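Student: With the sequence up front, the predicted model follows.
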Amino acid sequence: MHVEILLLLCLCCVRRVTAYSNGRVEDSCQSMTPNHTGFESQISSSPYKVSVNSTTFTPGQTITVTLQAAENASEFQGFMLQAREVDGKTAVGHFTSININQSRALNCFNIENSTLSQASADKKSQYEATWEAPANSSSV
């Protein structure tokens, strides 16, 4: 069975982040939509990109995930990062080696460290994390 992982990303532009600077956004685990009062979700193309060092994995394999502002984009403050199967409704795998100064691990869908969000309102142009595939997953 061929399973692809979709990394979902929720970004907030520097000039628009006014709440949740501590990354406590568990209410957004399902929708991956920021719930900042007084602001609407962005509908234009994202000025940020998510890249991975591998597009396939074996059970338990780790993959480096990089979140980066595009060349002409400003820095970002807020983010939420989670891996799901394509068309999946819940997170899969978990993040490891979490830098608690830059990110906060969330236990979405009762999966420990399944989601990362910002730990502070510090501006950044790049963020890197390590995701580990579930040990009981099919190889892709």
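Tutor: Received the coordinates, thanks.

Student: quick one: contacts for residue 71?
Tutor: Neighbouring residues of residue 71 by C-beta atoms under 8 Å, 6 or more residues apart in numbering: there are none. Placement of C-beta: from N, CA and C, glycine included.

Student: So in the chain, where's the weakest helix or strand by average pLDDT?
Tutor: In the chain, the helix or strand scored least confidently by mean pLDDT, DSSP states H and E is strand 5-13, which has a mean of 43.

Student: At the geometric centre of the protein, which residue sits there?
Tutor: Closest to where the C-alpha atoms of the chain average out (C-alpha atoms, centre = their mean) is residue 81, at 0.7 Å.

Student: burial of the nearest residue to that one once chain neighbours are set aside, as a residue count?
Tutor: Spatial nearest neighbour of residue 81, chain neighbours left out: residue 116 (4.6 Å); criterion: C-beta to C-beta, 6 or more residues apart in numbering. Applying other C-beta atoms under 10 Å, we find 25 residues neighbouring residue 116.

Student: I'd guessed residue 116 sits against residue 97; true?
Tutor: No: the pair formed by residue 116 and residue 97 falls short of the contact definition of C-beta atoms under 8 Å, at 11.1 Å.

Student: list the residues that contact both of the two?
Tutor: With the criterion set as C-beta under 8 Å, 6+ apart, the overlap between the contacts of residue 116 and residue 97 is residue 129.

Student: one step back: the residue nearest to the centre of the chain contacts residue 67, correct?
Tutor: Yes: counting by C-beta under 8 Å, residue 81 sits close enough to residue 67 to count as a contact (6.5 Å).

Student: so where's the protein uncertain?
Tutor: 1-26, 34-36, 39, 41, 138-140 (pLDDT under 70).
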